[in-house]
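Asker: show me how the following folds:
(chains A and B, ligands or ions: 2)
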Amino acid sequence: MLRQFWIAYLTITRKEIYRFMRIWVQTIIPPVVMVALYFIIFGSLIGQRIGEMDGMAYMDFIMPGLVMMSIITNSYGNVVSSFYGAKYSRHIEELQVAPVPNLVIVLGFVTGGLTRGICVGIAVTLVSLLFTEFSVYNPWVVLLVAALTSCLFALAGLINAIFANSFDDITIIPTFVLTPLTYLGGIFYSIRMLPEFWQQVSLGNPILYMVNSFRYGFRGSSDIELLTALGVIGFFIALLFGICMYLLDRGIGIRQ
Amino acid sequence: MYALEIKGLRKTYASGLEALKGIDLQVEEGDFFALLGPNGAGKSTCIGIISGLVNKSAGEVRIFDLSIDSSFIRARSLLGSVPQEFNFNNFEPVEEILINQGGFYGVPKALARERAEHYLAQLGLWQHRRQQARRLSGGMKRRLMIGRALIHDPRLLILDEPTAGVDIELRRSMWDFLEQINDQGTTIILTTHYLEEAERMCRNVAIIDNGEIIRHSSMKNLLRQLNSEIFVLYLRDDIAEVPRLASFDNVRLLDYHSIEVEVHESRSINDLISELAALGIVVERMRNKVNRLEELFVKLTAKNDKLSLA
Ligand SMILES: Nc1ncnc2c1ncn2[C@@H]1O[C@H](COP(=O)(O)OP(=O)(O)OP(=O)(O)O)[C@@H](O)[C@H]1O
Ligand SMILES: [Mg+2]
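Answerer: Ligands and ions are numbered 1, 2, ... in the order given. Take a look at the predicted model:
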């Protein structure tokens, strides 16, 4: 039985990875172009006027956040479009009729999203080398935070796809929730610059913890304690995972 | 042990529509079984529940004595299903669709590839194996879905209108293929609107109408209920009005040289021909108006409609 599930898991994962690799021009290149533009505009042009942020050049300050932003949007986007696409064209039924536990389905799609997130993260990091020289304070923290963040947003994308009934529904959350939270998540500024009240509000934004712990991995300094950040990320992963399992078990959005 | 056993199965859709009103069904292992019924009767709903695409509202479904609820992993491994509507990824190459479906069932890749090649060859899809599925014709897509349903070697195969939109030559080769699969021991359940197909292949039959099973018997016994048949007779000479026949009262004029006559089982064709001959009418050729199962089906489901209206 375990071997059977393992093969099923590998099949889902392989399909998911092939899917975004085959269309790499649409999946890997856009975030790279976008981040290059951010570096040119905010880093080189405006950044020089800003000077230092948290004791580092502005370009160096935004670099981890930009990588993190790409990871977030891509792991989310991978799962939401793949799973909703499968619902829309009905080939999700291939999985539904098969003896595949929902756990395996969730793990397979999340691994797909994770892989895309990491691939894009690596590509974007390489591009940022063109604009800034950076050292890595603790590569393990960088990798761990990148992986956990990818998982979290892959799960979020899956939930979005389960509820989605149209292609519009898969852009609403990214546009109205994800993007604002990301921009307000301390990518472009240190929350220490904010008035006390807004600092507190910012602490309610989960993305803040990811960006900061990621920055910690690169720079060794951050607005937030590393363990606190990991705890928050872990909590959200557990929560979203639970929601995914509940929804799939009930057949919400996929079974009448 | 039954290959499929259904007890008190009900389905009410979110819209409030009661698609299945408590049906019971048993299909013997090794059977070739027809599930018939008019459009909207509830066939696909029933198959959807069996294969895990639709949530049931009440009742029990067992596949080779395994509950689809408590032993769904083992139950589903034994079942292959061909849905009514195409549900593969149009952009996936044909061969990949089969191999990946095998993967979902836990079939190792090498074995899945071997089986895929076997079925692609048998189903006449070999030269299209590298093409994206959307480039197949409708009939090829149907065959692709049959191959996909067989990739994990199921013991029970359920096909929801597998021959819809398939030309007659291809339909015949599909029949041969399915009969061969059945001979090898796979139980087959099939829905179809081509009743000659059911009559030719299926040993047992259930007729479902309005969410209820109105007949469940062997094909032979069912056809025995048909106590009359309608024949179309082509006449040598034109006639102007309906001939008056002593022992046949249900006669209709189709055009000037053909008539339709209902022949009760207590009468013989001979009687009919001689009565016509006595009136100077010569019959050149004749044929059954529709096939027998079709006639019975229309009677049964029409009667049921009237009952439900009353
Ligand atoms: N998703 C759904 N939501 C609401 N009602 C549905 C749904 N699917 C089917 N129905 C209704 O349930 C009834 C049974 O439909 P079903 O598809 O099972 O019929 P069928 O016997 O397969 O018909 P056909 O021969 O046309 O394929 C119909 O009245 C149909 O309108
Ligand atoms: Mg149907």
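Asker: buried residues in stretch B:200-211?
Answerer: Going by neighbour count (16 or more other Cβ atoms under 10 Å in any protein chain shown), the buried part of stretch B:200-211 is B:201-202, B:204-211. The C-beta positions use only the backbone N, C-alpha and C, and glycine is treated the same way.
Asker: do stretch B:72-80 as well
Answerer: B:75-80.
Asker: also stretch B:136-149?
Answerer: Going by neighbour count (16+ other Cβ under 10 Å), the buried part of stretch B:136-149 is B:136, B:139-149.
Asker: ok and the residue in chain A nearest ligand 1?
Answerer: A:Gln256 (4.3 Å; Cβ to the nearest ligand atom).
Asker: contacts with chain A among the buried residues of stretch B:136-149, please.
Answerer: Checking these against chain A by Cβ under 8 Å from any Cβ of the partner chain, the ones in range are B:Arg148.
Asker: can you put the buried residues of stretch B:136-149 in TSV and add secondary structure, distance to ligand 2 and pLDDT?
Answerer: Shown next, in TSV, are those (DSSP: H, G, I helix; E, B strand; the rest coil; distance: Cβ to the ion, whole Å; pLDDT from 0 to 100):
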residue	secondary structure	distance to ligand 2	pLDDT
B:Leu136	coil	22	93
B:Gly139	helix	18	90
B:Met140	helix	21	92
B:Lys141	helix	17	94
B:Arg142	helix	14	94
B:Arg143	helix	19	93
B:Leu144	helix	19	95
B:Met145	helix	14	95
B:Ile146	helix	17	95
B:Gly147	helix	21	95
B:Arg148	helix	18	96
B:Ala149	helix	16	96
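Asker: need the buried residues of stretch B:72-80 in TSV with secondary structure and distance to B:Leu157, can you?
Answerer: Formatted as TSV, the buried residues of stretch B:72-80 follow (DSSP: H, G, I helix; E, B strand; the rest coil; distance: Cβ to Cβ, whole Å):
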residue	secondary structure	distance to B:Leu157
B:Ala75	helix	14
B:Arg76	helix	13
B:Ser77	helix	13
B:Leu78	coil	10
B:Leu79	strand	8
B:Gly80	strand	5
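Asker: contacts with chain A among those, please.
Answerer: Okay, of the buried residues of stretch B:72-80 touching chain A (Cβ under 8 Å from any Cβ), that's B:75-77, B:79.
Asker: give the contact list for B:Leu223.
Answerer: Counting by Cβ atoms under 8 Å, 6 or more residues apart in numbering or on different chains, B:Leu223 touches B:199, B:292-293, B:296.
Asker: using pLDDT, spot the least trustworthy of these.
Answerer: Note: of the contacts of B:Leu223, the lowest pLDDT belongs to B:Arg292, at 72.
Asker: helices along the stretch 101-250 of chain B, start to end?
Answerer: Taking DSSP state H, counting those that start in this stretch as the test, the helices found in the stretch 101-250 of chain B are B:109-122, B:138-150, B:168-183, B:195-201, B:219-224.
Asker: burial-wise, tell me which of these comes out on top.
Answerer: helix B:138-150 (a mean of 22; mean count of other Cβ atoms under 10 Å in any protein chain shown).
Asker: mind giving me the packing neighbours of that one?
Answerer: The helices and strands touching helix B:138-150, judged by 3 or more Cβ pairs under 8 Å, 6 or more residues apart in numbering or on different chains; DSSP states H and E, are strand B:79-82, helix B:94-104, helix B:109-122, strand B:156-160, helix B:168-183.
Asker: and the contacts of the first one?
Answerer: Contacts with strand B:79-82, where a contact means Cβ under 8 Å, 6+ apart, come from A:97, B:47, B:50-51, B:63, B:142, B:145-146, B:148-152, B:154-160, B:162.
Asker: now the closest residue to B:Gln132 other than its chain neighbours: which helix or strand?
Answerer: Excluding the flanking residues, the one nearest B:Gln132 by Cβ to Cβ, 6 or more residues apart in numbering or on different chains is B:Phe91, at 5.4 Å. If you go by DSSP states H and E, B:Phe91 is not part of any helix or strand.
Asker: around B:Phe91, how many other residues sit close by?
Answerer: Residues contacting B:Phe91 under the criterion other Cβ atoms under 10 Å in any protein chain shown number 15.
Asker: adding distance to A:Pro30, write the helices of the stretch 101-250 of chain B out as JSON lines.
Answerer: Shown next, in JSON lines, are these (distance: least, Cβ to Cβ, whole Å):
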{"stretch": "helix B:109-122", "distance to A:Pro30": "32"}
{"stretch": "helix B:138-150", "distance to A:Pro30": "33"}
{"stretch": "helix B:168-183", "distance to A:Pro30": "45"}
{"stretch": "helix B:195-201", "distance to A:Pro30": "51"}
{"stretch": "helix B:219-224", "distance to A:Pro30": "60"}
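Asker: looking at those helices, which has the lowest confidence?
Answerer: Here the lowest mean pLDDT among those goes to helix B:219-224, at a mean of 82.
Asker: what sits against residue 128?
Answerer: Because you didn't say which chain, this covers chain A. The contact partners of A:Ser128, by Cβ under 8 Å, 6+ apart, come to A:35, A:39, A:63, A:66-67, A:134.
Asker: can you look at chain B instead?
Answerer: So B:His128 contacts B:94, B:135-136, B:140 (Cβ under 8 Å, 6+ apart).
Asker: how about B:Gly42?
Answerer: Applying Cβ under 8 Å, 6+ apart, the residues near B:Gly42 are B:11, B:19-20, B:23, B:208, B:210-211.
Asker: try A:Leu152
Answerer: A:206, A:210, A:233, A:236-237, A:240.
Asker: go ahead and confirm B:Trp126 touches B:Leu120.
Answerer: Yes. When contacts are counted by Cβ atoms under 8 Å, B:Trp126 is listed as touching B:Leu120 (5.0 Å).
Asker: re earlier: which one of the helices of the stretch 101-250 of chain B lies closest to B:Leu98?
Answerer: When the helices of the stretch 101-250 of chain B are compared by Cβ to Cβ, helix B:109-122 sits nearest B:Leu98, at 3.8 Å.
Asker: for B:Lys303, give me the pLDDT.
Answerer: B:Lys303 carries a pLDDT value of 57.
Asker: still on that earlier bit, near ligand 1, from the contacts of B:His128?
Answerer: Applying Cβ under 6 Å from any ligand atom, the subset of those adjacent to ligand 1 is empty.
Asker: so which of the residues you listed comes closest to A:Ser150?
Answerer: Of all those, B:Val94 has the smallest distance to A:Ser150: 32.4 Å, by Cβ to Cβ.
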